[in-house]
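Trainee: Just the structure for this:
(2 chains)
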Amino acid sequence: MTELTLVQAVNRGLRVALSSDPDVLILGEDVGVNGGVFRATEGLQKEFGPERVIDTPLSETGIIGTAIGMALYGLKPVAEIQFMDFIYPAFDQIVSELAKMRYRSGGQYPCHVVVRAPYGGGIRGGLYHSQSTEAYFAHTAGLKVVIPSNPADAKGLLLTAIHDEDPVIFLEPKRIYRSLTGEVADGDYRVPFGKANVVVEGTDVSLFAYGAMVPPTVEAAQALLSEGISAEVVDLRTLVPLDEKAILASVEKTGRAVVVHEAARFCGFGGELSAILAEKAFYSLKAPIARVTGYDTPFPYALENSYLPNPARIAHAARAAARTQ
Amino acid sequence: MSAGAGVVPLPYDAAMAGSLLGPEARAIALSAYRWMTLGRALDARMQGLQRQGRVGFYGAATGHEAVNVALGLATSPADWIVPGLREQLAALVRGHPLAAYAQHLFATDLDPARGRQMPCHPSARDVHYVSMSSVIGTQITHAVGIAAGLRARADPGVALGFFGDGATSANDFHAGLNFAAVYHLPVVFGCANNQWAISVPVERQTRSATLAAKGAAYGIPGERIDGTDFFRSYATLRDAIARARSGNGPTLIEFQVYRMTPHSSSDDPTRYQPRDWGARAASHDPVLRLEDWLRKNGQLDPELEGQIRIEAERQVREAVAEAESAPPPRPESLTEDVFVDSRPFVPERGE
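Mentor: Numbering: from 1, shown residues only, chains lettered A, B, ... in the order given. Take a look at the predicted model:
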């Protein structure tokens, strides 16, 4: 066990994969000599060489298209998109090609590419270094969407992603890349996809969050406890596949649900989660489902703290739900 | 097919043909003619069936046969074909069974791609023929990635990335050629310039004098050749593949061809092609040009020509008949292959 930040845990996970499997390679902008702009790949090119940790020209569509070709051939590429905000030149490759390759070839061409991208706000990054657009990818059949919330999960989910047989969009919460640390097991271990993590157990209201929204949601739950409200916090970990069983079990217990994400509300992932709860847990619900999300605006610069859900907003929604009988 | 009528003759005597095709020149030329005849027969039959409503869609490669057969014959089994739009015949030349391709055209339960795509979008991993989408240009970077994989594993194969003239305007043409050049990868880019991107002529895609000239900007040798000339197509591909295989990097080949049919069964070229297009295209019919040459060089007489044509038509007829009577994909396969562990379709309550 080692005490690591989330970005260090990502780095350790990549190192384990590169060491144990010669088919794994990394490609992206600045990932080699520079070790990535967030240092997620620091030291890896030095250790594994420029043929396995590859600095690419500045073209996201080139990075993902090339990674797809590598995977078609049989390698296991891990492509880094420097910020999720810059993924759109590769959107065509991801949505039209990567997501559909297995299906359209009748299973002849699986395409196991991992696309890593730092996402989310809270770093004073403005419009183009802050967005959370996981819903675009979760909406596309054929992609798995993974968002860790702590160092141990980051490493274990990343190793699962790299050894998965399907494409994975692996979104890293850059706001908590370094702001918290946690115990991380050494060596290879896997955190399975589709298994949500009940971070805090509770009986009055279920709070669903993922990625960088987990810490403020836990903080809200702690604040509510002093008011006599027992909130359960469920970290989804993977949006696709989604652990419906755990989500429904929590709401069947508490009867109340608050969905938290920093992405804009309209057509955000919280809409899907709310629909699932309305369809499948309707008779357990004692209060309307609430969403605490970013606003339906482009991501702001000066006002980012007003935009992002915080413990007070989350607690407010949970309190209102808990008081509804 | 009647040879000679107005086609531009292939400008080679037997010795020159031998220098282009190598010691097996006679056998390669006749084999190419058989495959080109098969491709032509398949296009004719399928376009007819599409008009009768017996198949949903068809995109013919009539006019592209010399390039496609050269691609099939000049590559080795270790090589990978990343097709653009009309290279299906190359998969057959490389050994993908016509019967399997016909099952794909009819989207049956026996389609290797399980009926998931429109006709003419086959997947044939058995011959390293990659699944294609209908999106233009996206495949170019896939060829680059495959080439990177080949080199990473010291595999002797070469990746061949094909596309049309329209794709040279798309993002991934730039990304693909640039990445391939920067990494000096074993890849050959083939641009089948049939001069039309549906209705838009190639003059509206670029002000470059040629598409091959674009290679220079990436530091890649580019060559424009007559893609209706089987000899030149084969020799150019063979040399570019050899260059790539020996570690000398990528090549861009522009094959000038004529699209002799509509873009697809959904297109009406009378809306945009000049009146004399058909005649110009016919004079560069790649099948008739090779046929004319084989006759003049004593390799083909009317009897053999008839035999080859009848045999091609028989193969097509049999494959089509078999596919047309095959069952459609099982309904429960709808939800399979999304992921490796996707389960068969089960209707939800109330559906």
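Trainee: Where does pLDDT dip in chain A?
Mentor: Along chain A, segments meeting pLDDT under 70 are nowhere present.
Trainee: By residue count, which strand of it is the longest?
Mentor: The longest strand of chain A (DSSP state E) is strand A:257-264.
Trainee: C-alpha coordinates for the helix or strand that that one is followed by, PDB please?
Mentor: Using DSSP states H and E, the helix or strand that follows strand A:257-264 towards the C-terminus is helix A:269-280. Coordinates of the C-alpha atoms in helix A:269-280 are reproduced here as PDB (Å, rounded to 0.1, in the frame of the first residue of the first chain):
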ATOM      1  CA  PHE A 269     -26.700  11.800 -17.200                       C
ATOM      2  CA  GLY A 270     -28.900  12.700 -14.200                       C
ATOM      3  CA  GLY A 271     -31.900  12.700 -16.600                       C
ATOM      4  CA  GLU A 272     -31.300   9.000 -17.400                       C
ATOM      5  CA  LEU A 273     -30.800   8.100 -13.800                       C
ATOM      6  CA  SER A 274     -34.000   9.900 -12.900                       C
ATOM      7  CA  ALA A 275     -35.900   8.100 -15.600                       C
ATOM      8  CA  ILE A 276     -34.600   4.700 -14.400                       C
ATOM      9  CA  LEU A 277     -35.700   5.500 -10.900                       C
ATOM     10  CA  ALA A 278     -39.100   6.800 -12.100                       C
ATOM     11  CA  GLU A 279     -39.600   3.600 -14.200                       C
ATOM     12  CA  LYS A 280     -38.300   1.000 -11.800                       C
END
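Trainee: Can you list the buried residues in helix A:269-280?
Mentor: A:269-270, A:272-274, A:276-277 (16 or more other C-beta atoms under 10 Å in any protein chain shown). Bear in mind the C-beta positions are built from the backbone N, C-alpha and C, glycine included.
Trainee: now what about it, what contacts it?
Mentor: Helix A:269-280 is contacted from outside by A:134-135, A:138, A:208, A:239, A:242, A:244, A:247-248, A:251, A:257, A:259-261, A:263, A:265, A:285, A:289, A:291, A:293, using C-beta atoms under 8 Å, 6 or more residues apart in numbering or on different chains.
Trainee: Next, the angle from that helix to strand A:257-264.
Mentor: 150 degrees (axes from the mean of the first three to the mean of the last three C-alpha atoms, to 10 degrees).
Trainee: Among the buried residues of helix A:269-280, which one lies nearest to chain B?
Mentor: Nearest to chain B among the buried residues of helix A:269-280, counting by C-beta to the nearest C-beta, is A:I276 at 12.6 Å.
Trainee: Name the SS class of the residue of the stretch 151-300 of chain B found nearest chain A, please.
Mentor: Residue of the stretch 151-300 of chain B nearest chain A, by C-beta to the nearest C-beta: B:A175 (3.4 Å). The three-state assignment at B:A175 reads helix, by DSSP: H, G, I helix; E, B strand; the rest coil.
Trainee: Let me see the contact set for it.
Mentor: Residues counted as contacts of B:A175 (C-beta under 8 Å, 6+ apart) are A:57, A:59, A:61-62, A:65, B:140-141.
Trainee: Give me the buried subset of these.
Mentor: Buried, going by 16+ other C-beta under 10 Å: A:59, A:61-62, A:65, B:140-141, out of these.
Trainee: returning to that earlier point: so which of the contacts of B:A175 comes closest to A:S230?
Mentor: A:T61 (48.6 Å; C-beta to C-beta).
Trainee: dump the residue contacts of A:T217.
Mentor: Here A:T217 is in contact with A:207, A:209, A:233, A:260, A:311, A:314 (C-beta under 8 Å, 6+ apart).
Trainee: At which residues are the strands of chain A located?
Mentor: Ranges of strands within chain A are A:2-5, A:24-28, A:53-55, A:76-80, A:114-119, A:144-146, A:168-173, A:181-184, A:197-200, A:205-209, A:231-235, A:238-240, A:257-264, A:290-294, based on DSSP E.
Trainee: can you list the ones you listed in JSON lines and add distance to chain B?
Mentor: Formatted as JSON lines, those follow (distance: least, C-beta to the nearest C-beta, whole Å):
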{"stretch": "strand A:2-5", "distance to chain B": "30"}
{"stretch": "strand A:24-28", "distance to chain B": "7"}
{"stretch": "strand A:53-55", "distance to chain B": "8"}
{"stretch": "strand A:76-80", "distance to chain B": "8"}
{"stretch": "strand A:114-119", "distance to chain B": "14"}
{"stretch": "strand A:144-146", "distance to chain B": "7"}
{"stretch": "strand A:168-173", "distance to chain B": "11"}
{"stretch": "strand A:181-184", "distance to chain B": "28"}
{"stretch": "strand A:197-200", "distance to chain B": "22"}
{"stretch": "strand A:205-209", "distance to chain B": "23"}
{"stretch": "strand A:231-235", "distance to chain B": "22"}
{"stretch": "strand A:238-240", "distance to chain B": "9"}
{"stretch": "strand A:257-264", "distance to chain B": "22"}
{"stretch": "strand A:290-294", "distance to chain B": "25"}
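Trainee: Please indicate which of the ones you listed has the most neighbours on average?
Mentor: Most buried of the strands of chain A, by mean neighbour count (mean count of other C-beta atoms under 10 Å in any protein chain shown): strand A:205-209, with a mean of 30.
Trainee: Show me the helices in the chain, by range?
Mentor: Since no chain was named, I'll use chain A. Per DSSP state H, chain A carries helices over the ranges A:6-20, A:44-48, A:60-73, A:91-92, A:101-104, A:134-138, A:151-163, A:214-225, A:244-254, A:269-280, A:304-307, A:311-322.
Trainee: actually chain B
Mentor: B:14-21, B:25-51, B:65-74, B:88-93, B:98-105, B:139-152, B:171-183, B:215-218, B:230-245, B:277-283, B:286-296, B:302-324.
Trainee: Serialize those helices to TSV and add fields for mean pLDDT and distance to A:P216.
Mentor: Compiled in TSV, the helices of chain B are given as follows (pLDDT from 0 to 100; distance: least, C-beta to C-beta, whole Å):
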stretch	mean pLDDT	distance to A:P216
helix B:14-21	93	71
helix B:25-51	97	59
helix B:65-74	98	57
helix B:88-93	98	54
helix B:98-105	98	52
helix B:139-152	98	39
helix B:171-183	98	39
helix B:215-218	98	48
helix B:230-245	98	54
helix B:277-283	95	66
helix B:286-296	97	67
helix B:302-324	98	59
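Trainee: Output those helices as JSON lines; include the columns distance to A:P167.
Mentor: Formatted as JSON lines, the helices of chain B follow (distance: least, C-beta to C-beta, whole Å):
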{"stretch": "helix B:14-21", "distance to A:P167": "43"}
{"stretch": "helix B:25-51", "distance to A:P167": "33"}
{"stretch": "helix B:65-74", "distance to A:P167": "29"}
{"stretch": "helix B:88-93", "distance to A:P167": "25"}
{"stretch": "helix B:98-105", "distance to A:P167": "24"}
{"stretch": "helix B:139-152", "distance to A:P167": "14"}
{"stretch": "helix B:171-183", "distance to A:P167": "18"}
{"stretch": "helix B:215-218", "distance to A:P167": "28"}
{"stretch": "helix B:230-245", "distance to A:P167": "28"}
{"stretch": "helix B:277-283", "distance to A:P167": "42"}
{"stretch": "helix B:286-296", "distance to A:P167": "39"}
{"stretch": "helix B:302-324", "distance to A:P167": "31"}
